[in-house]
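Chemist: I'll drop the sequence and a predicted model, then ask my questions.
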Amino acid sequence: MIIEQIYTGCLAQGAYYIESAGEAVVIDPLREVEPYLLKAKKNNAKITYVLETHFHADFVSGHIDLAEKSGGKIVFGPTAQPGFEAYIAQDNEVLKVGDCQIRVVHTPGHTLESTCYLLMDEEGKEVALFTGDTLFIGDVGRPDLAQKVVTDLTQELLAGYLYDSLHDKIMPLADDIIVYPAHGAGSACGKNMSTETSDTLGHQKATNYALQPMLKEEFIHQVLDGLLPPPIYFPANVRMNSQGYEGIDTVLSRGLIKLSPQAFEEIANASEAIVLDTRDAQVFAKGFIPNSINIGIDGGFAPWVGALIPSVEQPLLIIAEKGRAEEVVTRLARVGYDFALGYLEGGFEAWQDAGKEIDQIESVSAHQFTQQWVDDPSLSILDVRKKAEYLSEHLMDSINQPLDYINEEMSILDSKKTYYVHCAGGYRSMIFISILRARGFTNLIDVQGGFKAIKGIGTMPMSNFVCPSTL
């Protein structure tokens, strides 16, 4: 028997490949399915089932494409109502995979159809539980997402269902069972996830706050306390996962059209496409196409696209480093942004060589910034980290303006005022500045290396108390 976790760091997502006696199962696959097909082919195995733990909100699963290309059967748990052909399994139903078995364990709470899959080895021993978003390492799934698509649900009701699922279905299982969740730290599907991506169930019973002895009312309070609003793309991903989507081959074919600088410019001028520049933040600052947005591919690329570009149907034109256009289009498709219209052939250098207009962003080192602060302590400083990061420690008198909510709170800023902008390390600040620059804010200065670099110099006063949040 083979159990392989296929973890994708930028999404903090775990897919799983299970194989026994020439048959294979894939659980919660990513949008691009070729790696699973190649793995099965290499092992002379046939994919018989594609198991979905629920209708995912944070990424578009590859279940439809994988089933079509492998001949495997898509399986959801009880109450799921997909808009495509799938097998709806019953609670406690057993699926045979080679010499092993998988028991369906319906665990509503994160969503109504949420289901775990309990793997039993060749001897019938229960060895692993694939928990989806029901149980994470150090946390449980947030119970407020399904209410966004099912109007008569409340998060309190779902949290109560989750409590029952954990106590009636999961906690009675043996302590030595390995828990394999769908996500780890960094995912927006929970609030307290560990960086570990698997653990024994016994250790989770001992250490996971949500599995400690408590009444249902206290559990509901704890799991709902401190939840931030989910990213704006979540409902669209649920809809795609439940109702269907274009095949990944079609999406790649459209997004990988090579465009000359002239063709790129014509499409940009004639359409409502956003020019998305995926190069490194500091490379972007030195020169970019006017009004383009920088979200670097070497970072939390797909989740930030989903958080900041309001519609998955938004047309996009891509600027990528040489040889990385396919990676960009693939990672966009993972979160449902399927309408890339092509990429600039030859990259930004081709745009420059064609004599096209370019723009730049002023970027200063942490040393330059601190020296300017010494000369003028009244500098206006924007800290675009998350609120929790800011409250933990921040520069005295800096203003917290989290990147997550830039679209909602942009009106607070004065477009004529000069601001020094920093995040934790420099990735988010450039996203923030590029978005506002495209909207007419020309006096934003990036601080390279962010809070970490500033703190390392040790010149500027710090605070862990709430500072003024108004401008």
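Modeler: Here it is on my side, so go on.

Chemist: and stretch 310-330, end to end?
Modeler: Stretch 310-330 has its terminal residues 19 Å apart, counting by Cα to Cα, to the nearest Å.

Chemist: and it, what's buried?
Modeler: By neighbour count with 16 or more other Cβ atoms under 10 Å, stretch 310-330 contains the buried residues 312, 316, 317, 318, 319, 320, 321, 324, 325, 328, 329, 330. No exception for glycine: its C-beta is placed from N, CA and C like everyone else's.

Chemist: what about the residues you listed, which are in helices?
Modeler: 325, 328, 329, 330 (DSSP state H).

Chemist: ok, so of those residues, who is nearest residue 13?
Modeler: Residue 13 lies nearest to residue 330 out of these, by Cβ to Cβ, at 13.9 Å.

Chemist: distance to residue 411 and pLDDT added to the buried residues of stretch 310-330, as CSV?
Modeler: Putting the buried residues of stretch 310-330 into CSV (distance: Cβ to Cβ, whole Å; pLDDT from 0 to 100) gives the following:
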residue, distance to residue 411, pLDDT
312, 25, 96
316, 25, 98
317, 27, 98
318, 29, 98
319, 28, 98
320, 32, 98
321, 34, 97
324, 35, 97
325, 35, 98
328, 31, 98
329, 33, 98
330, 35, 97
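
Chemist: among the residues you listed, which one sits closest to residue 251?
Modeler: The closest of the buried residues of stretch 310-330, once distances to residue 251 are taken by Cβ to Cβ, is residue 329, at 7.0 Å.

Chemist: mind checking how far the nearest residue to that closest one once chain neighbours are set aside is from residue 291?
Modeler: Spatial nearest neighbour of residue 329, chain neighbours left out: residue 255 (3.6 Å); criterion: Cβ to Cβ, 6 or more residues apart in numbering. From residue 255 over to residue 291 the distance is 20 Å, taken as Cβ to Cβ, to the nearest Å.

Chemist: more crowded one of these two?
Modeler: Neighbours were counted for residue 255 and for residue 291 using other Cβ atoms under 10 Å; residue 255 has more, 24 against 14.

Chemist: would you confirm that the more buried one contacts residue 337?
Modeler: No. In this structure residue 255 lies outside contact range of residue 337 using Cβ atoms under 8 Å: 9.4 Å.

Chemist: mind listing what's buried along stretch 373-392?
Modeler: In stretch 373-392, counting by 16+ other Cβ under 10 Å, buried: 373, 379, 380, 381, 382, 383, 384, 385, 386, 389, 390.

Chemist: verify the contact between the third one and residue 420 for me.
Modeler: Yes. Distance between residue 380 and residue 420: 6.9 Å, which falls inside the contact criterion (Cβ under 8 Å).

Chemist: outline the domain layout of the protein.
Modeler: 2-236, 247-353, 363-463 (automatic domain parsing).

Chemist: now the helices for the stretch 351-471 of the chain?
Modeler: 366-375, 387-392, 406-409, 427-437, 450-457 (DSSP state H, counting those that start in this stretch).

Chemist: just name the most buried of those helices.
Modeler: Stretch with highest mean neighbour count among the helices of the stretch 351-471 of the chain: helix 427-437 (a mean of 25; mean count of other Cβ atoms under 10 Å).

Chemist: what packs against that helix?
Modeler: Packing contacts for helix 427-437, counted by 3 or more Cβ pairs under 8 Å, 6 or more residues apart in numbering; DSSP states H and E, involve helix 281-286, strand 293-294, helix 301-308, helix 406-409, strand 419-422, strand 444-447.

Chemist: turn the ones you listed into TSV, including mean pLDDT and distance to residue 112.
Modeler: Below are those laid out as TSV (pLDDT from 0 to 100; distance: least, Cβ to Cβ, whole Å):
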stretch	mean pLDDT	distance to residue 112
helix 281-286	98	41
strand 293-294	98	36
helix 301-308	94	23
helix 406-409	84	29
strand 419-422	98	42
strand 444-447	98	44
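
Chemist: for those, which one sits closest to residue 239?
Modeler: helix 301-308 (13.6 Å).

Chemist: contacts for that closest one next, please.
Modeler: 10-11, 58-59, 188, 231-234, 237, 276, 278, 293, 295, 312, 328, 331-332, 334-337, 403-404, 406-407, 428, 431, 435 (Cβ atoms under 8 Å, 6 or more residues apart in numbering).

Chemist: neighbours of the closest residue to residue 21 other than its chain neighbours, just the number please.
Modeler: Leaving aside its sequence neighbours, residue 21 sits nearest to residue 98 (Cβ to Cβ, 6+ apart; 3.2 Å). For residue 98, the number of neighbouring residues by other Cβ under 10 Å comes to 19.

Chemist: thought residue 25 was touching residue 98, still the case?
Modeler: No. Between residue 98 and residue 25 there is no contact under Cβ under 8 Å: 9.2 Å.

Chemist: mutual contacts of those two, please.
Modeler: Between them, residue 98 and residue 25 share the contacting residues residue 19, judged by Cβ under 8 Å, 6+ apart.

Chemist: for residue 356, give me its contacts.
Modeler: 261, 265, 289.

Chemist: now the strands: where do they sit in the stretch 101-250 of the chain?
Modeler: 115-120, 126-132, 178-181, 199-200 (DSSP state E, counting those that start in this stretch).
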